[in-house]
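> predicted coordinates and the sequence they were generated for:
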Amino acid sequence: MRPIRRLQLPSDTERLLANRTKRIIRKRKLATRVAQAESFWKSRPRSFLPVPEILGEAMAPAPGRCMYCEHSEGTSIDHFWPLASHPERAFVWENLLWACSHCNSNDKRDRFPLDSHGHPLLIDPTDPNDDPARHLDLHPPTGRFVGKTPQGTASIDVFGLKRQFLETGRKDAWISAQVHLEAYADAKAIGDTAHADAIRATLIRAPHGAVLRHLLTISHTPVAMQYIRRECLDVLSRHPEVFGWM
């Protein structure tokens, strides 16, 4: 999981979301609010269309990719604060994320743990004040995420980030990132700018983008030689522009 910058909606879509939020809040009972939110969610007008388009195409880690696992194709909008328990947030733009069916419907569902102060114990990758790297560490040899905070540990569990195929994918992505970085340096060395640019674009769009971000982060630490090929470290020292890719 990596930070995702939330983009702005068209003004007519913003008005739609604000209007529906106000109408939901007018309902006094939770059950009535939930029913109203569910009804609105089933009957979304054309002006709502920019929401899934912006989430799934412009904001996702790569076009269509799930914001949580960064591997699978996103299939639907996830209410970070679940509609079933927090219907007043059902049409709040900052509460809407793009997720695959496994992360959203199979794992998260309506689970939403809170700490003793009522703050979410899940990572919101679009929160501009919080970096997922604060909560998640990566063990390169296994591709396993390790929670560094209660928020990280809960997110691994609730989003199903410990699924075996995800861990295998991150493990493979660690090797693939180094191979691509070395190929990028080779292309630059012979002046093949087009190929170098293609490699850069491929790395940025690749599944498990947090892996490359973690690789770049630890390349300056004492453990770098333990996990990163010397050839790859040489590339990073000669091509500092790579650190601006993520």
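Alright, I've got the coordinates.

> could you list the buried residues of stretch 181-199?
Counting neighbours by 16 or more other Cβ atoms under 10 Å, one finds that the buried residues in stretch 181-199 are Leu181, Glu182, Ala183, Tyr184, Ala185, Ala187, Lys188, Ala196, Ile199. C-beta: built from backbone N, CA, C; applies to glycine.

> okay if I get the residues you listed as a markdown table plus distance to Ser11 and pLDDT?
Formatted as a markdown table, these follow (distance: Cβ to Cβ, whole Å; pLDDT from 0 to 100):
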| residue | distance to Ser11 | pLDDT |
| --- | --- | --- |
| Leu181 | 42 | 97 |
| Glu182 | 47 | 97 |
| Ala183 | 44 | 97 |
| Tyr184 | 41 | 97 |
| Ala185 | 45 | 97 |
| Ala187 | 43 | 97 |
| Lys188 | 43 | 97 |
| Ala196 | 40 | 97 |
| Ile199 | 39 | 97 |
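
> farthest pair within these?
Across these, the longest distance by Cβ to Cβ is 11.8 Å; it joins Glu182 and Ala196.

> how close does the spatially closest residue to Cys103 that is not a sequence neighbour sit to Gly118?
Leaving aside its sequence neighbours, Cys103 sits nearest to Tyr68 (Cβ to Cβ, 6 or more residues apart in numbering; 4.3 Å). Going from Tyr68 to Gly118 by Cβ to Cβ, to the nearest Å gives 22 Å.

> ranges for the strands of the protein?
76-79, 96-99, 136-139, 144-147 (DSSP state E).

> list the contacts of the least confident helix or strand in the chain by mean pLDDT.
The weakest-scoring helix or strand in the chain, judged by mean pLDDT, DSSP states H and E, is helix 101 (a mean of 88). Contacting residues not belonging to helix 101 are listed as Ser72, Thr75, Ser76 [Cβ atoms under 8 Å, 6 or more residues apart in numbering].

> out of these, who has the most neighbours?
For the contacts of helix 101, neighbours were counted using other Cβ atoms under 10 Å, and Ser72 has the most, 20 neighbours in all.
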